[in-house]
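Asker: sequence plus predicted model, see below.
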Amino acid sequence: MAFKFILAALSATAALAQLSEPATQCRGYRATNVVQGDSYLSADLVLIANCSVFSKDVEKLKLLVEYQTDTRLHVLIEDADEQVYQIQDRVLPRPKSQNTPANKAALKFNFTQNPFTFKVIRASNGDILFDTSSSPLNFESQYVRLRTNLPQNPYLYGLGEHSDDFRLPTVGYTRTLWNADGAFLPTRSNLYGSHPVYFEHRGNSGTHGVFLLNANGMDVRIDQTDSGQQYLEYNTLGGVLDLYFLAGPEPASVSKQYAEVVGLPAAMPYWTFGFHQCKYGWPNIDHVAEVVANYSAAGIPLETVWGDIDYMDAHRDFTVDPNRFPLDKVRALVDSLHSNNQHYIQILDPGISRNGSYGPYARGEQKGAFLRVADGSDYRGMQWAGQVVWPDWFSPAAQDWWTSEIQAFYDPKTGIDVDGLWNDMNEVSNFCGDTNCFNSQSTAASLPRRPVSRYTRRASPAPKLGLPGRDLFNPKYRINNHLGAIYASTLWTNITNADGSRQYDTHNLYGSMMASASRAALLARRPNKRPFVLTRSSFAGVGRAAAHWFGDNASTWEHYRTSIRQMLAFAAMHAVPMVGSDVCGFNGVAEQYMCARWALLGAFQPFYRNHADITAPDQEFYRWPIVAAAARKAIDVRYRLLDYIYTAVWRASVDGTPAINPLWFWYPGDEATWTVQTQWGLGDSLLISPVVDENSTSVTFYLPKDVWYDFWTGEKVVSAGETKTMGTLDFTDIPVHIRGGSILALRSKSANTTAELRKQNFALTVAPGSDGTAKGFLYLDDGESLDVGNAKSEITFKWDGSVLTAEGTFGYHTDLVIESVTVLGQGEAKKALAKPLSLSKGFTFRP
């Protein structure tokens with residue numbers, strides 16, 4: 001939800017004017033006591049001369065280099081005393097080294113001793129992937145800087161969350177990572193999540209990734225020196241340099257290697273791939289019931305209804321408005337949805353109303369679940385519920401309290417039997433814009449000003465939880481936070497967490513930790529079922545716990561296009577496959593023809609939800625005839641393809657294979673694909689090329705050199721690597737192509753719900769490649785169990801030009817069959833089978 005107030009923030013121009021060039025005059029460190037083993041290297045790093053550009057130099061550092069696997073190199077530069085903050089293993093567990101011998105690794109680490117600089121080199125071709133030789137290392141108490149040289153005109157991607165171009169600009173560009181509310185998705189700004197990983201693509205030389213495991217606020221600058229040297233530079237407010245270099249060399253291999261570092265994404269319940277509807281501003285429960293009925297009357301399948309903060313009493317979690325959303329009526333609606341195999345999800349914000357008569361607050365206060373200030377009192381701020389406190393996710397008491405509240409309020413017998421949870425405002429978004437906050441519900445005198453940590457006087461600082469003596473409010477190096485100072489409109493950064501760490505260091509982790517806590521609570525509620533959590537704020541590794549949507553976009557064509565770029569980054573590069581944007585836009589007025597196009601586009605993204613703001617007119621699909629027609633077509637084809645999409649996202653949860661592919665992932669040697677950002681590969685086989693211009697009935701798109709088939713007509717297209725134009729596209733049309741060499745397993749027909757869909761048989765579409773062969777994959781399970789064990793089928797279909805075979809494992813019991821086989825490119829080739837092909841065992845079939 002968007003802020004409903006105006007912030008007085010530091011201008012972006014002023015922030016960008018602050019450069020780190022004085023740091024380049026520092027002399028850095030020299031390496032001593034070098035020890036080299038078969039699969040590691042260690043050394044001490046000693047400051048050559050005092051520099052202290054923005055804060056005090058850390059004089060003694062330690063270097064550890066690990067050849068962790070044959071494709072992963074780990075480089076850690078930390079303070080010798082191990083006081084500088086490092087992300088806790090409980091938040092993001094680090095991968096263990098497999099101790100690959102250095103001479104067998106794909107990446108090599110070279111270094112100079114005085115001054116200490118290093119290079120990471122691809123062993124196969126000598127490519128220098130990371131090179132710090134032209135600039136010294138700065139490691140201060142509140143400023144860490146590391147610069148790497150890059151090739152001219154590099155192809156860089158990632159560093160989310162942002163709304164900028166998919167391929168990152170290379171001159172004068174700053175990516176700021178500091179989680180913040182970002183209504184209307186401003187460009188060149190920090191948004192809801194921080195993912196400090198980038199991919200660099202070098203064509204046939206390979207693709208590699210670089211991940212900095214650091215949660216501190218940072219500016220990542222991509223620019224050129226006066227002499228024209230291209231570089232990428234990290235400028236962080238602290239933390240250590242915990243770097244993971246991922247060798248690839250195939251683009252999708254980098255995705256898989258990154259997922260191994262941050263954790264594989266969670267498997268999603270089958271039903272979550274259905275169509276979802278939400279609206280901030282639905283007036284009462286009767287209106288919600290009308291929305292459900294209207295979708296049914298319009299013949300548009302609706303899988304899940306969402307409850308925004310409207311359902312709450314005074315915007316307080318774990319309550320319902322007694323007049324507009326009385327509990328008995330909400331329960332009746334949920335029962336009705338469930339009886340129709342539909343689902344219901346509610347929102348939970350982290351701000352907890354600070355009211356002694358409010359049970360969740362009183363119980364949390366008793367357990368010690370909330371963040372506190374120096375005198376032991378609550379840290380207070382403002383959010384939708386008025387004056388609020390926030391859970392301290394580093395406290396075990398917070399998880400215990402959160403789980404108890406969720407189990408009680410969502411008790412199926414006495415409460416609301418939700419099917420999933422939605423975490424919003426968890427950046428954290430605080431309506432107190434600065435330290436002088438006041439409004440009608442809370443005066444400045446009643447709020448703590450610059451609270452001093454209750455841990456400031458520790459005699460022996462705990463290891464890796466943060467250096468003492470820092471200015472935790474106003475560090476001299478100012479990152480380009482679009483809201484201003486780092487404490488502005490969020491939790492104040494000098495607050496101490498339960499384990500002694502500070503919000504200054506852990507701010508970017510709050511949203512992901514809330515999502516993990518919500519997942520744990522849902523698992524406690526239903527231990528054997530896959531939980532579903534949707535989060536707005538995120539950090540690296542959030543996919544282990546949650547899905548993500550891209551926040552408060554606008555009903556504009558630009559944000560329609562932005563939704564593609566953001567999906568490409570998160571699903572292909574940030575190990576979060578279950579992603580999507582608010583279809584038709586959240587803020588502003590959705591125009592019907594744009595909404596029709598967006599209904600089609602959204603159907604080919606993993607998470608598919610229509611959602612709008614309270615200030616926006618209703619925009620449910622059935623409200624315009626053209627949008628209703630587009631939605632019926634979109635959902636019909638999505639549901640027929642649902643097992644294909646489900647299989648792609650399941651595979652991501654198994655080994656990190658991206659469910660969404662930029663075109664250059666498929667054709668890394670084709671330079672024309674490297675900047676494509678309005679098309680995407682869905683799974684292994686489908687190329688989506690939506691209309692992207694306002695009021696247009698045509699689209700120009702790139703078709704790489706290959707054999708393709710029009711998904712809708714079956715027409716074969718042999719492309720030499722060409723830009724194509726398709727015209728006369730109605731507002732119910734979206735171009736989709738099948739890549740040659742593919743076999744698609746589709747449901748033979750659609751259904752109103754995913755439960756009904758699972759009863760439908762399958763049809764195979766064979767799209768032979770240039771060599772006449774094709775291959776496809778289908779995964780089947782019960783769609784909901786947390787651990788399906790051996791009750792799953794992993795089926796590989798193969799076509800050799802005349803014979804179709806199915807092989808694999810067939811542990812999922814099913815009576816479903818393949819009703820028909822269509823071989824494209826051979827005239828009238830659809831064959832309804834006299835004897836259907838069983839999916840409970842392998843087969844050989846000659847059409």
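Answerer: Yep, that arrived. Numbers count the residues shown, from 1 in each chain.

Asker: measure D582 to I738 for me?
Answerer: 29 Å (CB to CB, to the nearest Å). Where C-beta positions appear, they are placed from N, C-alpha and C, glycine not excepted.

Asker: any weak-confidence spans in the stretch 1-150 of the chain?
Answerer: 1-21 (pLDDT under 70).

Asker: is N190 located within a helix, as I assumed?
Answerer: No: N190: not assigned to a helix; according to DSSP: H, G, I helix; E, B strand; the rest coil it is coil.

Asker: chain neighbours aside, what residue packs nearest to it?
Answerer: Leaving aside its sequence neighbours, N190 sits nearest to T176 (CB to CB, 6 or more residues apart in numbering; 4.1 Å).

Asker: packing partners for the helix or strand harbouring that neighbour?
Answerer: Using DSSP states H and E, T176 maps to strand 173-177. Packing contacts for strand 173-177, counted by 3 or more CB pairs under 8 Å, 6 or more residues apart in numbering; DSSP states H and E, involve strand 218-224.

Asker: which element is S802 on?
Answerer: Counting by DSSP H and E, S802 is part of no helix or strand.

Asker: now the spatially closest residue to it that is not a sequence neighbour: phi and psi?
Answerer: Among residues not flanking S802 along the chain, R846 sits closest, at 6.4 Å (CB to CB, 6+ apart). In terms of degrees, to the nearest 10, the main-chain angles of R846 are phi -110, psi 110.

Asker: from V821, how far out is R846?
Answerer: On the measure of CB to CB, R846 and V821 end up 10 Å apart.

Asker: same question for A599.
Answerer: For A599, the distance to V821 - CB to CB - is 30 Å.

Asker: those two: who's more crowded?
Answerer: A599 (29 against 22; other CB atoms under 10 Å).

Asker: next, the more buried one: secondary structure please.
Answerer: Criterion first, three-state DSSP; result for A599: helix.

Asker: that one contacts A590, doesn't it?
Answerer: No: using CB atoms under 8 Å as the test, A599 is too far from A590 to be in contact (10.4 Å).

Asker: what is in contact with these two at once?
Answerer: Common neighbours of A599 and A590 are listed as C584 (criterion: CB atoms under 8 Å, 6 or more residues apart in numbering).

Asker: skip the chain neighbours and tell me the closest residue to T765.
Answerer: Using CB to CB, 6+ apart, the nearest residue to T765 is L744, at 4.4 Å.

Asker: so that neighbour is in which element?
Answerer: Per DSSP H and E: strand 742-747 holds L744.

Asker: mind listing residues that contact that strand?
Answerer: So strand 742-747 is contacted by 639-644, 684-686, 738, 757, 760-767, 769, 774-776, 778, 795, 797-799, 818 (CB under 8 Å, 6+ apart).

Asker: out of these, which are inside helices?
Answerer: 639-640, 642-644, 757 (DSSP state H).

Asker: which stretches of the protein have low pLDDT?
Answerer: 1-21, 434-461, 828-830.

Asker: any figure for the gap between whatever residue is furthest in space from the centre of the chain and V35?
Answerer: Using CA atoms, centre = their mean, the residue of the chain lying farthest from its centre is A834. It sits 45.5 Å away. For A834, the distance to V35 equals 72 Å [CB to CB].

Asker: hmm, H507 is touching T493, no?
Answerer: Yes: at 6.4 Å, H507 and T493 qualify as touching, with contact defined as CB under 8 Å.

Asker: quick check: neighbours shared by those two?
Answerer: What both H507 and T493 touch, as defined by CB under 8 Å, 6+ apart, is the set I486.

Asker: more neighbours: which of the two?
Answerer: Taking other CB under 10 Å, H507 and T493 do not tie; H507 has more neighbours (28 against 24).

Asker: now the helices for this protein?
Answerer: Assigned by DSSP H, the chain shows helices spanning 12-17, 251-262, 285-298, 327-339, 359-367, 396-409, 503-506, 510-525, 557-573, 592-602, 625-640, 642-655, 663-666, 754-757.

Asker: who touches the last one?
Answerer: Contacts to helix 754-757, defined as CB under 8 Å, 6+ apart, come from residues 270-271, 273-274, 303, 341, 639, 642, 747, 750-751, 783.

Asker: let's see it at 7 Å
Answerer: Residues from elsewhere that reach helix 754-757 (CB atoms under 7 Å, 6 or more residues apart in numbering): 270-271, 273-274, 303, 341, 639, 642, 747, 750-751.

Asker: can you check the fifth one too?
Answerer: With CB under 7 Å, 6+ apart as the test, helix 359-367 has contacts from 317-318, 352-356, 370, 397, 400-401, 405.

Asker: go again with 8 Å.
Answerer: Contacts for helix 359-367 (CB under 8 Å, 6+ apart): 316-318, 352-356, 370, 378, 389, 391, 397-398, 400-401, 404-405.

Asker: selection in ChimeraX covering whichever of those residues are buried, please.
Answerer: In ChimeraX, this line selects whichever of these come out buried by 16 or more other CB atoms under 10 Å:
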select :316,317,318,352,353,354,355,370,378,389,391,397,398,400,401,404,405
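
Asker: gap between the closest residue to G714 other than its chain neighbours and L246?
Answerer: Computed as CB to CB, 6+ apart, the closest residue to G714 that is not its neighbour in sequence is L824, at 4.9 Å. For L824, the distance to L246 equals 37 Å [CB to CB].

Asker: of these two, who's got more company?
Answerer: Comparing L824 with L246 by other CB under 10 Å, the one with more neighbours is L246, at 27 against 24.

Asker: looks like the more buried one contacts A252 (just checking).
Answerer: No: contact criterion CB under 8 Å: L246 and A252 do not qualify, at 11.6 Å.

Asker: rewinding a little: just checking, the residue nearest to S802 touches D800?
Answerer: No: if you go by CB under 8 Å, R846 and D800 don't touch, sitting 10.2 Å apart.

Asker: more neighbours: those two, which one.
Answerer: With neighbours defined as other CB under 10 Å, R846 and D800 compare such that D800 has more, 13 against 7.

Asker: ok, and the closest non-adjacent residue to the more buried one?
Answerer: The nearest residue in space to D800 (CB to CB, 6+ apart) is T773, at 5.7 Å.

Asker: got the contact list for the one you found?
Answerer: 741, 798-801.

Asker: ok, of those, which come out buried?
Answerer: 741, 798-799.

Asker: now the terminal residues of stretch 244-251, how far apart.
Answerer: Start-to-end span of stretch 244-251 (CA to CA, to the nearest Å) is 16 Å.

Asker: buried ones in it, by neighbour count?
Answerer: 244-249, 251.
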